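Colleague: What would the 3D arrangement of this be:
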Amino acid sequence: MARTQTPIAVTPTTLVEGRATLEGTKRFRKRFTKTHGDHFYRELANGPLVSSLGLGTYLGECDDTEDARYTAAAGAALEKGVNLLDTAINYRCQRSERAVGEAIRNAIAMRAIKREEVVVCTKGGYIPLEKIRNFWMIRSNAVEITSGSTALMSTTCTILNSSWKSWVDQDSTP
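Modeller: Predicted coordinates:
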């Protein structure tokens, strides 16, 4: 991805709207066929193409230095043909999602990618509330509300919904 064009203005705090599409991810794959070949990308069920490797953003310190590292790593991954980024609200004190968002905004601003070329996976169902006095009551209500439904407690990968459930540990702290 050559960064030869003039960057476009993107406000750092804006949400990057859109989602991965089959057409967008095919366009992304086409840019890397000389280095990766067709075998490196796989089609999700009725959905976009994802790279065989993805970038996870789970571990690390909750500080600006680590944010910069994750933003740089995500940007480098996108430049090298990785279009699958995994993050969640409970990763690194909610900072991983922001770092991934910044990397995507930067790549869009540099005209290196378009939003529909990148698959961002996140998790639903985690309640990031500090100092909950009656966590068990909130947890039991959340389980009751979502009982039999994967809609609120499933992994959401842009347009891919799977039935993977993630339960909050009673000792977790956001």
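Colleague: use CA for all of it now, contacts and neighbours both
Modeller: Fine.
Colleague: Over to stretch 58-66 now: how far is its first residue from its last?
Modeller: Taking CA to CA, to the nearest Å, the first and last residues of stretch 58-66 lie 11 Å apart.
Colleague: ok, and what's touching stretch 15-32?
Modeller: 1, 38, 41, 47-50, 81, 83, 101, 104-105, 113-120, 158-159 (CA atoms under 8 Å, 6 or more residues apart in numbering).
Colleague: Filter those residues down to the buried ones and hand me the ChimeraX line.
Modeller: Command for ChimeraX that selects the buried part of the contacts of stretch 15-32, burial taken from 16 or more other CA atoms under 10 Å:
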select :41,47,48,49,50,81,83,101,104,105,113,114,115,116,117,118,119,120,158,159
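Colleague: Which ones among the contacts of stretch 15-32 lie within helices?
Modeller: Among these, DSSP state H puts 101, 104-105 in helices.
Colleague: Nearest spatial neighbour of Ala72, chain-adjacent residues omitted?
Modeller: Spatial nearest neighbour of Ala72, chain neighbours left out: Ala103 (7.0 Å); criterion: CA to CA, 6 or more residues apart in numbering.
Colleague: Is the one you found in contact with Ala77, as I believe?
Modeller: No. Ala103 is beyond contact range of Ala77, at 9.8 Å (criterion: CA atoms under 8 Å).
Colleague: Who has more neighbours out of the two?
Modeller: Using other CA atoms under 10 Å as the criterion, Ala103 and Ala77 rank with Ala103 on top: 22 against 18.
Colleague: got the residue ranges for the strands in this protein?
Modeller: Here the chain has its strands, by DSSP state E, at 41-43, 49-51, 55-56, 84-86, 119-123, 154-157, 160-165.
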